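>>> Only the shape, not the letters, is given here:
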């Protein structure tokens, strides 16, 4: 599950709790929290297991900010998850990543918050992708899931972001989940300015994992206090047993 919460104020922790109740991983973007505030993520109201997380802040704790925070991303999972989860160090504050080992299967989960689609931000967009792809080579997992707010709408044919993303997908043999025949994505973001709808939040997987996608949809819930809709990805994989991965992007 992937979800851009646009802050972590009233109503946001409760909604994240609802999402993680039905998903193995929640990818959270724009929580706006400092390093010293990450306890608020791990202490979300949840009646089930303990919530574990790997968190990245975009804010320097030593810097005073007048007003709201900005950026940040986290990956959340339940302590009862039958897997070993290892945080991966990244230099970019726009990437949060973990290595997951389930039985004989290894995969990387990337949570990404890309800059706004603008020619001025294209270099940062490219460098963020460079780090994602280089991490794949270093960690040496054959399977990976990339989710988050990519700030890229595929219908913007003149956008440098869109053109670069499509080139990356083709060159690296990746798979945009929105293209799958089970996809039920109508939009993932509603502009607070003109109330137009866009699909800028995505999941991307390697070609091998794409064969096991069983569901992919956007959730337009009334108790969601963000302009972004949560995006749910479900992957079923046959190992010695069937494993279902439910990913929610916030």
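Received, thanks. Keep in mind the model is a prediction, meaning the values are calculated, not measured.

>>> Verify the contact between residue 215 and residue 232 for me.
Yes - if you go by CB atoms under 8 Å, residue 215 and residue 232 touch, sitting 6.8 Å apart. The way it works is simple: take the backbone N, C-alpha and C, and place the C-beta from them, glycine included.

>>> and after the longest helix seen in the chain, which helix or strand comes next?
Longest helix in the chain, counting residues (DSSP state H): helix 122-139. Remark: after helix 122-139, the chain's next helix or strand is strand 143-149, criterion DSSP states H and E.

>>> name the helices or strands packed onto that following strand?
Contacts defined by 3 or more CB pairs under 8 Å, 6 or more residues apart in numbering; DSSP states H and E place strand 143-149 against strand 2-4, strand 25-29, strand 105-113, strand 201-206, helix 207-210, strand 230-238, strand 242-249.

>>> Throw the ones you listed into CSV and include mean pLDDT, thanks.
Shown next, in CSV, are those (pLDDT from 0 to 100):
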stretch, mean pLDDT
strand 2-4, 97
strand 25-29, 97
strand 105-113, 94
strand 201-206, 97
helix 207-210, 92
strand 230-238, 84
strand 242-249, 48
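
>>> Adding distance to residue 165 and mean neighbour count as columns, could you present those in TSV?
Below are these laid out as TSV (distance: least, CB to CB, whole Å; neighbours: other CB atoms under 10 Å):
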stretch	distance to residue 165	mean neighbour count
strand 2-4	16	32
strand 25-29	17	30
strand 105-113	11	23
strand 201-206	9	25
helix 207-210	16	15
strand 230-238	16	21
strand 242-249	16	20
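
>>> Of the ones you listed, which is nearest residue 180?
With CB to CB as the criterion, residue 180 lies closest to helix 207-210 of these, at 7.0 Å.

>>> Does anything pack onto the next helix or strand after the closest one? Which helices or strands?
On the C-terminal side of helix 207-210, the closest following helix or strand by DSSP H and E is strand 213-219. Judged by 3+ CB pairs under 8 Å, 6+ apart, the packing partners of strand 213-219 are strand 183-184, strand 201-206, strand 230-238.

>>> and after the first one, which helix or strand comes next?
Read it as strand 183-184. Counting by DSSP H and E, the element after strand 183-184 in chain order, helix or strand, is strand 189-190.

>>> if we can go back for a sec, mind listing what's buried along the longest helix of the chain?
122, 125, 128-129, 131-132, 135-136 (16 or more other CB atoms under 10 Å).

>>> For that helix, which helices and strands make contact with it?
strand 95-102, strand 105-113, helix 160-171.

>>> what sits against residue 61?
34-36 (CB atoms under 8 Å, 6 or more residues apart in numbering).
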